[in-house]
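> Pasted the sequence and its predicted model underneath.
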Amino acid sequence: MISSFRYPPRYQGWRELFMERVFDTFHEGASVLDVGSGRKPTVPPDKRPFRCRYVGLDLSAAELARAPDGWYDELIVWDVVKRAPELIERFDLVVSWQVLEHVKPLEAALENIRSYLRPGGRFVATLSGRFSVISLLNRLTPGTWGIEIMERLLRRNPESVFPAYYDMCWHDALKRVLEPWSRAEIVPSYIGATYFSFSRVLSRAYLEYENWVCERRLSNLATNYLIDAVR
């Protein structure tokens, strides 16, 4: 990364905003479902309230098995787009960090998540936007080339890169699929220049584009979204 390059203030606090929303509901004794977190739970054990029950749900048994011992109270190997009757109304809180862009159909997944919450339960998640530059590059570059791009731009381990569909991952589509919830907020973010941190020229060029998008509040072009919804 170019250490001297300065990003706009909006680049600060994205993770903190997410965690702030999570801990608004994450109380003592809460039952929490972490969707798609695999080897790295969204909230580590030392940050969890007393006597909470923390459950991990992931399509990959291998990913869940890579989590440190004791980091989950329960492991569920399941596809979030399929309804699991035994999970209905079990949880006070469902969290998901940068997973839902890998899910298709997203509408079915969100409806299942809503059913897993108790009445008044809360869902807090972040996901990547379909029309961000990095998402477009990911979709336009097939197979191993796409994985190589993710490895180079995001410095991701190839083993942790999964197919991304970006199904309904833009503001207007999310707004529509969240209509059944009693309350839903979608917070767009414009923080894509870090993907090009290996090049000052690309970073500056991208920031000019992104600033233009941000100033005009073109929310369908956001790089990421935070969802904060109540059943």
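Great, that's in hand.
> Okay, now the unreliable bits of this protein?
1-5, 141-161 (pLDDT under 70).
> residue boundaries of the helices in it?
14-25, 61-65, 106-116, 133-140, 143-154, 171-177, 200-215 (DSSP state H).
> Point out the most buried one among those.
helix 106-116 (a mean of 20; mean count of other Cβ atoms under 10 Å). (Glycine included, C-beta is placed from N, CA and C.)
> Any idea how far that one is from the middle of the chain?
15 Å (Cα atoms, centre = their mean, to the nearest Å).
> any chance of the helices of the chain in TSV, plus distance to Ala164?
Converted to TSV, those look like this (distance: least, Cβ to Cβ, whole Å):
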stretch	distance to Ala164
helix 14-25	19
helix 61-65	16
helix 106-116	12
helix 133-140	6
helix 143-154	9
helix 171-177	15
helix 200-215	19
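> quick one, which of these is nearest to Arg6?
Smallest distance to Arg6 across the helices of the chain (Cβ to Cβ): 9.9 Å, for helix 200-215.
> Check the offset of that closest one from the chain's centre.
The answer for helix 200-215 is 23 Å, by Cα atoms, centre = their mean.
> List the contacts of that helix.
Helix 200-215 is contacted from outside by 2, 5, 7-8, 10, 133, 190, 192-193, 195-197, 221-223, using Cβ atoms under 8 Å, 6 or more residues apart in numbering.
> do the same with stretch 55-65
By Cβ under 8 Å, 6+ apart, the list of residues contacting stretch 55-65 reads 31-39, 41, 67, 71-80, 87, 91.
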